[in-house]
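*Asks:* Structural data only, the sequence is not supplied:
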């Protein structure tokens with residue numbers, strides 16, 4: 001909000017300066033000022049820059065909020081996996097749905113750093129990573145859950161010839177209700 005106030009103050013100051021310049025040039029008080037001002041001051045650009053900055057700031061706020069929602073969803077899903085209410089495959093489907101509203105480029109960069117031959121397998125490995133983080137203070141429970149989930153992933157890979165098939169996230173949500 002503070003940025004918006006600063007931008008509004010700058011815009012108001014620029015408006016005042018522009019008005020003074022227009023009056024000075026319009027009345028011809030300074031000989032040759034019209035050519036000098038035309039070359040030195042691009043009033044339109046002066047007003048567009050704050051608008052562009054404001055738009056970029058709003059877009060960053062939207063991206064940050066999307067990231068927060070996705071992270072909360074993933075933490076909640078990881079808790080459900082730990083509690084035994086969701087399978088690894090179901091959790092990966094919900095992770096995929098949570099990632100759907102995130103910025104495509106940043107998702108591609110993050111997913112490319114996770115081992116796996118498909119996005120579905122990488123989502124499964126991401127679920128395992130979230131479970132590890134959630135259980136970081138409980139090493140024995142962490143090892144147990146990671147071992148179980150890794151075995152579940154390996155079983156899924158063997159069953160489907162090296163690939164993972166995720167259910168539709170909506171069907172997983174409906175099952176929970």
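*Replies:* Everything's here; your move. No experiment lies behind these values; they were computed from the predicted model shown.

*Asks:* going forward, measure contacts between C-alpha atoms and count neighbours the same way
*Replies:* Noted.

*Asks:* which residues touch residue 67?
*Replies:* Going by C-alpha atoms under 8 Å, 6 or more residues apart in numbering, residue 67 touches residue 102.

*Asks:* any idea how far residue 91 is from it?
*Replies:* Remark: distance between residue 67 and residue 91 (C-alpha to C-alpha, to the nearest Å) = 18 Å.

*Asks:* pretty sure residue 102 is touching residue 65, no?
*Replies:* No: with contacts counted by C-alpha atoms under 8 Å, residue 102 stays clear of residue 65, the gap being 9.6 Å.

*Asks:* The two: who's more crowded?
*Replies:* residue 102 (18 against 13; other C-alpha atoms under 10 Å).

*Asks:* what does the domain assignment say about the protein?
*Replies:* 2-62, 66-176 (automatic domain parsing).

*Asks:* In TSV: those domains, plus mean pLDDT.
*Replies:* Below are the domains of the chain laid out as TSV (pLDDT from 0 to 100):
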stretch	mean pLDDT
domain 2-62	62
domain 66-176	91
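
*Asks:* among those, which is the most enclosed?
*Replies:* domain 66-176 (a mean of 17; mean count of other C-alpha atoms under 10 Å).

*Asks:* Give me the distance from that one to the chain's centre.
*Replies:* 18 Å (C-alpha atoms, centre = their mean, to the nearest Å).

*Asks:* for this structure, what spans make up the helices?
*Replies:* With DSSP state H as the criterion, the chain has helices at 2-27, 33-40, 43-82, 88-99, 104-112, 119-134, 139-159, 169-176.

*Asks:* Not including adjacent chain positions, what is the nearest residue to residue 77?
*Replies:* residue 91 (6.1 Å; C-alpha to C-alpha, 6 or more residues apart in numbering).

*Asks:* didn't that neighbour look like it was pressed against residue 81?
*Replies:* Yes: applying C-alpha under 8 Å as the test, residue 91 and residue 81 come out as touching, 7.0 Å apart.

*Asks:* For residue 87, give me its contacts.
*Replies:* Each residue near residue 87 by C-alpha under 8 Å, 6+ apart is listed here: residue 81.

*Asks:* please redo it, this time with the cut-off set to 10 Å
*Replies:* 77, 80, 81, 93, 149, 152 (C-alpha atoms under 10 Å, 6 or more residues apart in numbering).

*Asks:* So the fourth one is in contact with residue 170, correct?
*Replies:* Put plainly, it is residue 93. Yes: using C-alpha atoms under 10 Å, residue 93 is in contact with residue 170, at 8.9 Å.

*Asks:* still on that earlier bit, mutual contacts of residue 91 and residue 81, please.
*Replies:* 127, 128.

*Asks:* now the end-to-end length of stretch 148-168.
*Replies:* The first-to-last residue distance of stretch 148-168 comes to 23 Å (C-alpha to C-alpha).
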